[in-house]
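Undergrad: below is the structure, and that's it, no one-letter string:
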């Protein structure tokens, strides 16, 4: 009979060498398809399962091609994480350097954009391919402290032989995702890494607390930016008749007139001035404004007929919805909760009430308040493409769902009963589009 998973952090703090030996034994047994006397931790076992199903070779040290320096520079300039580097450095670097660790910040694509810390450890990281511009997604280099937290959307510590690829088993990583506090979108991962013997059991909690401080700082910056735009918008909206609102470059609302407040408007990636159709607003006159846009809604139907809605769940940790409408396509990255809800609506095309969705999500039909609040947020960007009483996609839309190649990898961060049932459905191997 398999024993429960051991407390790796506690054992490593007492005897790092023994922890490394036990983890190596567990890894060898699991990868050989045998039963280990000590079970891997669930988050590690699930990650190993994804790697095995993808056909990754644990003995192959795969190195992605590094991004050119100008591409790293471009990504740094465009990443919201650049605004919180002082928070990350202040919270992590001084201790990391003393403890012979390094701090690594990767973007949502798993690309290493910043890397600082103890020079000897940086040189060891070079030997592992843990370099600027490297791709450390889980499906590229295996279970690790950058890619795995991005998939499961929570902090993960990967000790020594818990790494899937053998060449990384002398390394220990503690990574925490940093999400956009406005909509839950993954921005990247901050990771503290070093040799197993230098890692403390409290490292993961420390990294996670600093990641949360970074998210709080992003929230403060967003509020200050909208307040500045609101001051610019006030005299402009005072002269506008009818429905109008002012949004920043990402669609977040600073001020409205003649209409109910909407938190955000989904904008095309390349919005230009003129007459445009926008989700949830319909046809609008779009005018540039310092730091944002003035959107004047016209009295036409609020939604353009949709040709197709594509819900992409194929990439663990990076789910999107794309709408193909007569005015052109637009996409939006989904938070884990919104991905779950849209998946459920795709499964129930005839519709699902709040109690049914609560049962599907939480196993508790009474939790309708949470469901209604989240569905209200989804309808702000999908507009009339979603209907209610019951909640459902509009009847004239074609809905396509892109699943992972193996359904067991569907929404790996989700604990929703309906998602778990889908993962273990009979014949749930190769999925693709459905």
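TA: Cool, the structure landed. Remember, predicted model here, so these are calculated numbers, not experimental data.
Undergrad: what's near enough to touch the nearest residue to residue 357 once chain neighbours are set aside?
TA: The spatially closest residue to residue 357, leaving aside those adjacent along the chain, is residue 371, at 4.7 Å (C-beta to C-beta, 6 or more residues apart in numbering). Quick note: C-beta positions are derived from backbone N, CA and C, even for glycine. Residue 371 makes contact with 341, 354, 357, 358, 361, according to C-beta atoms under 8 Å, 6 or more residues apart in numbering.
Undergrad: which of these has the largest number of neighbours?
TA: Highest neighbour count within those: residue 357, with 27 neighbours (other C-beta atoms under 10 Å).
Undergrad: report pLDDT for that residue.
TA: Predicted confidence (pLDDT) for residue 357: 96.
Undergrad: can I assume it is in contact with residue 392?
TA: No: contact criterion C-beta atoms under 8 Å: residue 357 and residue 392 do not qualify, at 10.9 Å.
Undergrad: mind listing the helices for this protein?
TA: 8-14, 16-31, 42-54, 69-78, 85-88, 94-98, 119-128, 138-141, 147-152, 203-238, 336-347, 354-362, 368-382, 417-423 (DSSP state H).
Undergrad: so what's the residue nearest in space to the middle of the chain closest to, chain neighbours aside?
TA: What sits nearest the mean C-alpha location of the chain, by C-alpha atoms, centre = their mean, is residue 186, with 3.3 Å. In this structure, residue 186 finds its nearest non-sequential neighbour in residue 108, 4.7 Å apart by C-beta to C-beta, 6+ apart.
Undergrad: confidence score at that neighbour?
TA: On the pLDDT scale, residue 108 gets 95.
Undergrad: and it, how far is that from residue 153?
TA: Distance of residue 108 to residue 153, given as C-beta to C-beta, to the nearest Å: 11 Å.
Undergrad: residue 374 too?
TA: Distance from residue 374 to residue 153, counting by C-beta to C-beta: 16 Å.
Undergrad: low-confidence bits of the chain, can you list those?
TA: 1-16, 97-99, 299-307, 325-328, 427-434 (pLDDT under 70).
Undergrad: name the residue most distant from the centre of it?
TA: Computed with C-alpha atoms, centre = their mean, the most peripheral residue in the chain is residue 239, at 40.5 Å.
Undergrad: can you list phi and psi of it for me?
TA: phi -100, psi 0 (degrees, to the nearest 10).
Undergrad: report the beta-bridge partner residues of the residue nearest to the centre of the chain.
TA: residue 179 (DSSP bridges).
Undergrad: repeat that for the one 5 residues further on.
TA: Residue 191 has these beta-bridge partners by DSSP bridges: residue 104, residue 175.
Undergrad: what comes up buried for stretch 69-88?
TA: Neighbour-count burial for stretch 69-88, with 16 or more other C-beta atoms under 10 Å as criterion, is recorded at 72, 75, 76, 79, 80, 81, 84, 85, 87, 88.
Undergrad: and which of these is nearest to residue 127?
TA: residue 72 (19.8 Å; C-beta to C-beta).
Undergrad: still on that earlier bit, would you tell me which one of the helices of the chain is buried the most?
TA: helix 147-152 (a mean of 28; mean count of other C-beta atoms under 10 Å).
Undergrad: remind me what that one packs against, helices and strands.
TA: Helix 147-152 sits against helix 42-54, helix 138-141, strand 156-158, strand 171-179, strand 186-195, with contacts defined as 3 or more C-beta pairs under 8 Å, 6 or more residues apart in numbering; DSSP states H and E.
Undergrad: which one of the helices of the chain lies closest to residue 398?
TA: Nearest of the helices of the chain (C-beta to C-beta): helix 336-347, 11.3 Å.
Undergrad: what's the angle between the closest one and strand 171-179?
TA: If you take axes from the mean of the first three to the mean of the last three C-alpha atoms, to 10 degrees, helix 336-347 sits at 70 degrees to strand 171-179.
Undergrad: could you say what helices and strands helix 336-347 packs with?
TA: Secondary-structure packing of helix 336-347 (3+ C-beta pairs under 8 Å, 6+ apart): strand 306-312, helix 354-362, helix 368-382, strand 392-393, strand 398-402, helix 417-423.
Undergrad: between the first one and strand 398-402, how many degrees?
TA: Relative orientation of strand 306-312 with respect to strand 398-402: 20 degrees, computed using the same axes, to 10 degrees.
Undergrad: so what's residue 341 up against?
TA: Residue 341 sits in contact with 357, 361, 371, 374, 375, 378, where contact means C-beta under 8 Å, 6+ apart.
Undergrad: closest one to residue 92 out of those residues, please.
TA: The closest of the contacts of residue 341, once distances to residue 92 are taken by C-beta to C-beta, is residue 374, at 32.6 Å.
Undergrad: quick check: closest non-adjacent residue to residue 316.
TA: residue 151 (4.5 Å).
Undergrad: next one: the spatially closest residue to residue 76 that is not a sequence neighbour from residue 95, what distance?
TA: Spatial nearest neighbour of residue 76, chain neighbours left out: residue 113 (5.3 Å); criterion: C-beta to C-beta, 6+ apart. Residue 113 is 21 Å from residue 95, where distance means C-beta to C-beta.
Undergrad: also residue 145?
TA: Taking C-beta to C-beta, one finds residue 145 at 17 Å from residue 95.
Undergrad: can you check residue 252 too?
TA: In terms of C-beta to C-beta, residue 252 sits 35 Å off from residue 95.
Undergrad: so residue 63 touches residue 129, yeah?
TA: Yes: counting by C-beta under 8 Å, residue 63 does reach residue 129; the two are 4.3 Å apart.
Undergrad: between the two, which has more neighbouring residues?
TA: residue 129 (18 against 14).
Undergrad: report the contact partners of that one.
TA: Residue 129 touches 61, 63, 64, 141, counting by C-beta under 8 Å, 6+ apart.
Undergrad: what bridges to the residue nearest to residue 375 when sequence neighbours are not counted?
TA: Of all residues beyond its chain neighbours, the one nearest residue 375 is residue 391 (5.6 Å), with distances taken as C-beta to C-beta, 6+ apart. With DSSP bridges applied, residue 391 shows beta-bridge pairing to residue 352.
Undergrad: thank you, goodbye.
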